[in-house]
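Novice: Structure here, sequence nowhere to be found:
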């Protein structure tokens with residue numbers, strides 16, 4: 001499921017930055033690269049730009065790394 005990156009609103013990007021700075025845990029729902037819905041509790045650790053797209057680098061509760069393209073995130077809920 002390849003498609004052009006669609007920039008996200010600056011306010012949403014800022015929310016992700018704050019979650020990283022405050023070490024917040026988020027309940028994240030997103031579409032993976034195959035178009036399947038995924039839901040996981042994640043702790044965002046970094047935001048990166050690569051190949052004209054923005055990504056969230058996060059760790060799940062088992063410490064596994066997740067790399068999510070920001071325009072594929074459907075919603076997030078602050079878990080604290």
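Specialist: Done, it's in. Keep in mind it's a predicted model, so treat the numbers as computed, not measured. Numbers count the residues shown, from 1 in each chain.
Novice: from here on, contacts and neighbour counts on C-alpha atoms
Specialist: OK.
Novice: Low-confidence ranges, the protein, go.
Specialist: 1-2 (pLDDT under 70).
Novice: same thing but at 50, please
Specialist: Low-confidence segments of the chain (pLDDT under 50): none present.
Novice: which strand in it runs the most residues?
Specialist: strand 37-50 (DSSP state E).
Novice: Tell me which residues of it come out buried.
Specialist: Neighbour counts over strand 37-50 (16 or more other CA atoms under 10 Å) mark 41, 42, 43, 44, 45, 47 as buried.
Novice: go on, stretch 47-61?
Specialist: 47, 54, 55, 56, 57, 58, 59, 60.
Novice: ok so, going back, which element follows the longest strand of the chain toward the C-terminus?
Specialist: Next helix or strand after strand 37-50 toward the C-terminus (DSSP states H and E): strand 53-60.
Novice: Just list what that next one packs against, helices and strands only.
Specialist: Helices and strands touching strand 53-60, by 3 or more CA pairs under 8 Å, 6 or more residues apart in numbering; DSSP states H and E, are strand 37-50, strand 65-69.
Novice: any idea which of the buried residues of strand 37-50 is closest to residue 79?
Specialist: The nearest member of the buried residues of strand 37-50 to residue 79, counting by CA to CA, is residue 41 at 7.9 Å.
Novice: what residues are up against the closest one?
Specialist: Neighbouring residues of residue 41 by CA atoms under 8 Å, 6 or more residues apart in numbering: 25, 26, 27, 28, 60, 61, 79.
Novice: these two touch, right, the first one and residue 43?
Specialist: Which is residue 25. Yes: here residue 25 reaches residue 43: they are 4.5 Å apart, a contact under CA atoms under 8 Å.
Novice: Would you quantify the distance from the nearest residue to residue 69 once chain neighbours are set aside to residue 8?
Specialist: Spatial nearest neighbour of residue 69, chain neighbours left out: residue 55 (4.4 Å); criterion: CA to CA, 6 or more residues apart in numbering. Using CA to CA, to the nearest Å, one obtains 11 Å as the distance from residue 55 to residue 8.
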